[in-house]
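K.L.:
just the structure for this:
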Amino acid sequence: MSTTLALDIYGTLIDPLAIKTALVTHVNEEAGAFAETWRSKQLEYSFRRGLMGAYRDFSHVTRAALDFSCELHGAGIADDDRITLMNHYRALDAFPDAAPALAALQQQGIALHAFSNGVADDITALLEHAGLDDRVSSIISADEVQTFKPDPRFYTHFLERTGAAVDTTWLISSNPFDVIGAAACGWRTVWVKRNINAVFDPWDHVPTATVSGLEELPALLCFSDAS
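P.N.:
Residues are numbered from 1 along each chain as shown. Predicted structure coming up:
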């Protein structure tokens, strides 16, 4: 059976910390720390809502995380400017390895699907901005199931939507919580360890493979299929 890849977006294909470029105008040298806070709270709020069964889409979560970051960093960013920053979040840069890796995977005949907590319209905008929109067969959004990763229902939904078999489906993600969630559902997983200092959570599940960048995927998956 053919291999299917579920490609995480934020942190894997697209760099969420690239928002710091747009933040410099508002918070100067704190842009990097502000971007880190924004991303951390964005994830935390998605986890909270998933546990509470109080779903609001990822754009709402992202805006709430922005508002928290403004309070924490004492940034008096006007509402119009916050809206502009949210629009920037739909035009973040891709990691440099994303385009060549996806092209190579596509040439190998591997089915590629965007698999994200993000709203489909936002993911479409990000992929178009990065020139990656023609590399994926579909966009599968948490909005379709009204819950976030690592809820098992979302991973089940991916298989139902794509018709993929669990034993030939791989999650590609830089987010350990996502890798753990997919592994718990029986998927094969690749952790993209983009930061050399990153530590994988001590858990019952470990990645099937770990890579330092997406450029390692074509050879890895080719070898895996052959074996």
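K.L.:
buried residues, the longest helix along the chain. List them.
P.N.:
Assignment by DSSP state H gives helix 31-52 as the longest helix of the chain. Within helix 31-52, the residues scored as buried using 16 or more other C-beta atoms under 10 Å are 31, 34-35, 37-39, 41-43, 45-46, 49-50. Every residue, glycine included, has its C-beta placed from N, CA and C.
K.L.:
again, but for stretch 120-135
P.N.:
Those would be Ala120, Asp122, Ile123, Thr124, Ala125, Leu126, Leu127, Ala130, Leu132, Arg135, for stretch 120-135 by 16+ other C-beta under 10 Å.
K.L.:
Ile77 and Leu66, how far apart?
P.N.:
Computed as C-beta to C-beta, to the nearest Å, the Ile77 to Leu66 distance reads 8 Å.
K.L.:
which elements pack onto the longest helix of the chain?
P.N.:
Applying 3 or more C-beta pairs under 8 Å, 6 or more residues apart in numbering; DSSP states H and E, we find helix 31-52 packed against helix 20-27, helix 58-72.
K.L.:
I'd like to know which of the ones you listed is closest to Arg82.
P.N.:
The closest of the helices and strands packed on helix 31-52 to Arg82 is helix 58-72. By C-beta to C-beta, the value is 5.9 Å.
K.L.:
so what's the gap between that closest one and the chain middle?
P.N.:
Distance of helix 58-72 from its chain centroid, counting by C-alpha atoms, centre = their mean, to the nearest Å, is 17 Å.
K.L.:
pull the contacting residues for Thr156.
P.N.:
Listed by C-beta atoms under 8 Å, 6 or more residues apart in numbering, the contact set of Thr156 reads Cys185.
K.L.:
nope, Gly76 is what I was after
P.N.:
By C-beta under 8 Å, 6+ apart, the neighbours of Gly76 are Cys70.
K.L.:
same check, this time on the one 5 residues further on
P.N.:
With contact set as C-beta under 8 Å, 6+ apart, Asp81 has these partners: His26.
K.L.:
that one: what secondary structure?
P.N.:
Secondary structure assignment for Asp81 (DSSP: H, G, I helix; E, B strand; the rest coil): helix.
K.L.:
how far away is it from Ala91?
P.N.:
As judged by C-beta to C-beta, Asp81 and Ala91 stand 16 Å apart.
K.L.:
identify the residue spatially nearest to Leu171, adjacent ones excluded.
P.N.:
Ala182 (3.7 Å; C-beta to C-beta, 6 or more residues apart in numbering).
K.L.:
need the contact list for the closest residue to Trp203 other than its chain neighbours.
P.N.:
Once flanking residues are discounted, Trp203 sits nearest to Ile180: 5.2 Å by C-beta to C-beta, 6+ apart. Contacts of Ile180 were listed using C-beta under 8 Å, 6+ apart, and they are Pro150, Asp201, Trp203, His205.
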